[in-house]
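Participant: need a 3D model of the sequence below.
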Amino acid sequence: MMHRPPPEDFSLKETKPHLGSGKVSGDKLTSTYDLVEQMQYLYVRVVKAKDLPGKDVTGSCDPYVEVKLGNYKGTTRHFEKKSNPEWNQVFAFSKDRLQASMLEITVKDKDFVKDDFMGRVLFDLNEVPKRVPPDSPLAPQWYRLEDRRGDKVKGEIMLAVWMGTQADEAFPEAWHSDAATVSGTDALANIRSKVYLSPKLWYLRVNVIEAQDLQPGDKGRYPEVYVKAILGNQALRTKISLSRSINPMWNEDLMFVAAEPFEEPLILSVEDRVAPNKDEVLGRCAIPLQYVDRRLDHKPVNTRWYNLEKHVIVEGEKKKDTKFASRIHMRICLEGGYHVLDESTHYSSDLRPTAKQLWKSSIGILELGILSAQGLLPMKTKDGRGTTDAYCVAKYGQKWIRTRTIIDSFMPKWNEQYTWEVADPCTVVTIGVFDNCHLHGGDKNGPAKDSRIGKVRIRLSTLETDKIYTHSYPLLVLHPNGVKKMGEIHLAVRFTCSSLLNMMHMYSQPLLPKMHYIYPLTVSQLDSLRHQATQIVSMRLSRAEPPLRKEVVEYMLDVGSHMWSMRRSKANFFRIMGVLSGLIAVGKWFDQICNWKNPITTVLIHILFIILVIYPELILPTIFLYLFMIGVWYYRWRPRHPPHMDTRLSHADSAHPDELDEEFDTFPTSRPSDIVRMRYDRLRSIAGRIQTVVGDLATQGERLQSLLSWRDPRATALFVIFCLIAAIVLYVTPFQVVALLTGFYVLRHPRFRHKLPSVPLNFFRRLPARTDCML
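Facilitator: Numbering: from 1, shown residues only. Coordinates of the predicted model:
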């Protein structure tokens, strides 16, 4: 039996961190870096050296610089045989971990046996100047090298040493003392903070109209011709043309996702189905996407004829002369009026069309301060003990950010702040926390994957404007053995609105660009195109340096969210019941009114009913006034915190282990046949219940149709006669009298009621349905 964890363990906690510099709000630093706690760093910029003495037999040297502060030591790269090297590297030492009062910068000569000492410069930390952006960077100065006794020696080094914060421009590219244990330049690049941009995505519409003068191999048969189109790893094909001739017609649309810069051409081949598993290529053509028309609205672009050749000519090859060429007629365009969906529509962070010309001005700014995490669980083992190297990724719109990796810490402090322009308030920012598995040469034992620690989604429309929200969010991850809290992430969020009028106007606009409504794509098309878009985005970002890896991008974009899950299906069913519970409650209340459970309330309802029947013009104003008063009443209990992942709503805390095992199963399944059979039988039983409900709904609808269909001649005759009498009565009787009589009949006292069903209901249930005709 799975124990339900205490709900407070998974709850959102409001916090009161010491944000900004603690100075007045007019301070320049506070206005740019005011959503994070200030962290002090000692920065050392090693620029270059000159006139270094030769140490080798050849009279040359292989210099590098060692920057040492207490137990922390950072080194620059070394140069072969160079007495005037240039490094231009920055080192950052956290003030919280300073273990010495002297900074030692030593120039050494790289040697096989033991590196030779060439000279050093010492700095007293009490004398180091402080720099606050936006002051200009501190100018580096030349310092004469000294030997260990303090005497001047040959050679000079250009340095700049200052105290600053994480707001310093040198911070993202600096070597951090926290990363002293990381080895290799690739690993160092993997721990730095970075901003990425998603590639610009277009929908490519290929309208295949017709082909002319095809030359099939077998002239004696009617060709069965179709067109296959390939773009990168996407392949689509038309149906076989109904006009089985050498001039076939299709008039079919094929939709692809293309990403700038366009690297691969669109390759089309016209093929003839000569046998069930044998196709003959009748001609091919390659179309570079750079020259394809772009359209911003629904106006069709011009059609073009393309020559088909037996072999596509790759650049650099000699073209073979062809005396006669078949042709294909097509309309190809890049659609700028659609938004290419690469996220789930329920939590999209961007809904603007591809073409920038169609973008409306932004309505505000989203600022996110990623402060810290607490209580992270060990994600891997190193030297016999658990360790976690955590970093955060946030995505909103086309901009992705990645914080620096904090090495070996269960309570990492990032204190990094990022900003996005907001075009639509009904969008979601996603923040994920991951464990970096690409340090210490992680790729040697096969391709390591960065482990997911958890994810948070914040919908901007749930935030009040110009208010700073500081909360600790639980990081919840579903595992095959149940839901697990992996720690908490501490965030500060502020949504600033530049124009309240523009933002209110956005609520009246369509959610997606207008092309989605003028020329809508089918659900299956959107599903397939979204899959292609996520593949392209993850592939492009994984090629960046440092890479934002495929598993990270797919987790952030919820790639697997459409897969079947018993747990999610249950959760959605109870969500529907939650929505309908209001209507059910109103029905129960009305039933109590009809049964005179509280006579005073029933009498008041009678009086209200009489007033509304006599003055029907008051009905709509009364409804809207009632809704207004409910809204004002609920304002006192409005949510004060952003929403967060809810384990109860998701049914994650009560899911059966077998349901979770099924959710984490691969597609196609990799489970043994007896487990698959059991799950299939379970699905059949659930589907059987759904089938019964759908059948019952169909039966009620068919009974309504049979009122006038004469399927049951006596029932239809009774209904038709009743309609005639009702029409005559209603013509001569004022409507208000009919309404009053009907209302009083419905609200009559229980003394005048029977336990048996009413006559109309009895009549309706006796009507025939088409269930008799079902096999």
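Participant: burial count for P513?
Facilitator: Counted with other CB atoms under 10 Å, the neighbours of P513 add up to 22. (Each C-beta comes from the backbone N, C-alpha and C, glycine too.)
Participant: how about the longest strand anywhere in the chain: buried residues?
Facilitator: Of all segments of type strand in the chain, defined using DSSP state E, the longest is strand 482-497. Within strand 482-497, the residues that count as buried by 16 or more other CB atoms under 10 Å are 482-483, 485-495, 497.
Participant: again, but for stretch 91-101
Facilitator: Buried positions in stretch 91-101, judged by neighbour count with 16+ other CB under 10 Å: F91, A92, F93, S94, L98.
Participant: just checking, which helix or strand of this structure averages the lowest pLDDT?
Facilitator: When the helices and strands of the chain are scored by mean pLDDT, DSSP states H and E, helix 28-32 comes last with a mean of 45.
Participant: now the element after the longest strand of the chain, going C-ward?
Facilitator: On the C-terminal side of strand 482-497, the nearest following helix or strand under DSSP states H and E is helix 500-506.
Participant: export the longest strand of the chain to CSV, keeping only CA atoms.
Facilitator: These are the backbone C-alpha positions of strand 482-497, laid out as CSV (Å, rounded to 0.1, in the frame of the first residue of the first chain):
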residue,chain,number,x,y,z
GLY,A,482,5.9,6.9,-7.2
VAL,A,483,6.1,10.7,-6.9
LYS,A,484,9.3,12.0,-5.3
LYS,A,485,10.2,15.4,-4.0
MET,A,486,13.7,16.1,-5.3
GLY,A,487,14.2,19.4,-3.4
GLU,A,488,13.0,23.0,-3.6
ILE,A,489,13.9,25.8,-6.0
HIS,A,490,13.8,29.4,-4.8
LEU,A,491,12.6,31.9,-7.4
ALA,A,492,11.7,35.6,-7.6
VAL,A,493,9.4,36.6,-10.4
ARG,A,494,8.1,40.0,-11.5
PHE,A,495,5.8,40.7,-14.4
THR,A,496,5.9,44.4,-15.3
CYS,A,497,3.2,45.8,-17.6
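Participant: so which elements touch it?
Facilitator: Helices and strands touching strand 482-497, as assessed by 3 or more CB pairs under 8 Å, 6 or more residues apart in numbering; DSSP states H and E, comprise strand 364-374, strand 428-435, strand 451-459, strand 468-479.
Participant: save the ones you listed as CSV, and put in mean neighbour count too.
Facilitator: Formatted as CSV, the entries for these read as follows, by neighbours: other CB atoms under 10 Å:
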stretch, mean neighbour count
strand 364-374, 22
strand 428-435, 23
strand 451-459, 20
strand 468-479, 19
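Participant: tell me the SS of A544?
Facilitator: Under the three-state scheme (DSSP: H, G, I helix; E, B strand; the rest coil), A544 adopts coil.
Participant: what's the separation between the closest residue to it other than its chain neighbours and Y418?
Facilitator: Distance criterion CB to CB, 6 or more residues apart in numbering; nearest residue to A544, sequence neighbours excluded, is Y196 at 5.7 Å. Look at Y196 and Y418: by CB to CB, to the nearest Å, they are 12 Å apart.
Participant: who touches both of those two?
Facilitator: Overlap between the neighbourhoods of Y196 and Y418 consists of I401, taking contacts as CB atoms under 8 Å, 6 or more residues apart in numbering.
Participant: filter the buried residues of stretch 91-101 down to just the ones in helices.
Facilitator: Using DSSP state H to define helices, no part of the buried residues of stretch 91-101 is located there.
Participant: and which of the residues you listed is nearest D9?
Facilitator: Nearest to D9, judged by CB to CB, of the buried residues of stretch 91-101 is S94 at 31.2 Å.
Participant: quick one, what contacts that closest one?
Facilitator: S94 makes contact with M39, Q40, Y41, H176, S177, D178 under the criterion CB under 8 Å, 6+ apart.
Participant: so can I have TSV of those showing secondary structure and neighbour count?
Facilitator: What follows is these, written out as TSV (DSSP: H, G, I helix; E, B strand; the rest coil; neighbours: other CB atoms under 10 Å):
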residue	secondary structure	neighbour count
M39	coil	18
Q40	strand	14
Y41	strand	23
H176	strand	23
S177	helix	22
D178	helix	21
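Participant: next, count neighbours for the closest residue in space to T387 that isn't next to it in sequence.
Facilitator: Among residues not flanking T387 along the chain, D408 sits closest, at 5.0 Å (CB to CB, 6+ apart). The burial count assigned to D408 is 18, neighbours taken as other CB under 10 Å.
Participant: wait, what's in contact with the residue lying closest to V493 once chain neighbours are set aside?
Facilitator: Across the structure, with CB to CB, 6+ apart as the measure, the residue nearest V493 apart from its sequence neighbours is Y469 (4.7 Å). Under the criterion of CB under 8 Å, 6+ apart, the contact list for Y469 reads L463, L491, A492, V493, R494, H641, P642.
Participant: what residues are up against the third one?
Facilitator: If I follow you right, that is A492. P17, L19, L35, V36, L368, G369, L371, I468, Y469, T470.
Participant: and for the second one, the neighbour number?
Facilitator: Burial measure for L19: 20 neighbouring residues, criterion other CB under 10 Å.
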